[in-house]
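K.L.:
Below is the structure, and that's it, no one-letter string:
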């Protein structure tokens, strides 16, 4: 079984992945953010490093999915391969931070990869407002994220909403502004109840 968590930067994906992995005994697969050798340069000069950064993430995400499909036990994944191609790369392209040639090359590679894998058994989308994202980004204090622009986050949020409306797999939407699963046990229990209902047919 493959469960994946989607959401904008700072929406709480890693935290929820950790909490659900601990509760269910699922194996967690975390996003390779801190190990991306391009990320710091990217936030300083998006146009120069956008293609390199997105290709790195796409490669790592595809590698993760291949490994997940080979396992015989449930895995929960922090961020999906779809977000790279449906959210981040198009947003950079529309901002003029990735040129047409690189964007077309990127999409060709993504389309090949996605033809070889299947959707998660459940996608959990963490919906969050910009103020909540900014607060969470500031709270965790990653130096390379200190230069993220509000318009960049807003563009990502808009694309997330457009993508999630057309997603045709099993989907659970969590309002991350209101449901504080990290700090309130009752909120985490609420999320777990909804996951149980979606995955195991309780109350359906």
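P.N.:
The structure has been received and is ready for your questions. Just so it is clear, the structure is predicted and the values come from calculations on it, not from any experiment.

K.L.:
where does the most centrally placed residue in the chain land on pLDDT?
P.N.:
The residue lying closest to the centre of the chain (Cα atoms, centre = their mean) is residue 79, at 2.8 Å. As predicted, residue 79 sits at a pLDDT of 89.

K.L.:
Leaving out sequence neighbours, find the closest residue to it.
P.N.:
Leaving aside its sequence neighbours, residue 79 sits nearest to residue 31 (Cβ to Cβ, 6 or more residues apart in numbering; 4.6 Å). No exception for glycine: its C-beta is placed from N, CA and C like everyone else's.

K.L.:
hang on, that neighbour is in a helix, isn't it?
P.N.:
No. Using DSSP: H, G, I helix; E, B strand; the rest coil, the assignment for residue 31 is coil, not a helix.

K.L.:
mind checking how far residue 105 is from residue 172?
P.N.:
The gap separating residue 105 from residue 172 is 33 Å, by Cβ to Cβ, to the nearest Å.

K.L.:
Pick out whichever of the two has more residues nearby.
P.N.:
Each of residue 105 and residue 172 has its neighbours counted (other Cβ atoms under 10 Å); residue 172 has more, 17 against 14.

K.L.:
biggest helix in the chain, by residue count?
P.N.:
Ordering each helix of the chain by length in residues (DSSP state H) puts helix 46-69 first.

K.L.:
tell me what the next helix or strand after that one is packed against?
P.N.:
Per DSSP states H and E, the first helix or strand lying C-terminal to helix 46-69 is strand 75-78. On a contact count with 3 or more Cβ pairs under 8 Å, 6 or more residues apart in numbering; DSSP states H and E, strand 75-78 meets strand 2-7, helix 13-24, strand 27-29, helix 46-69.
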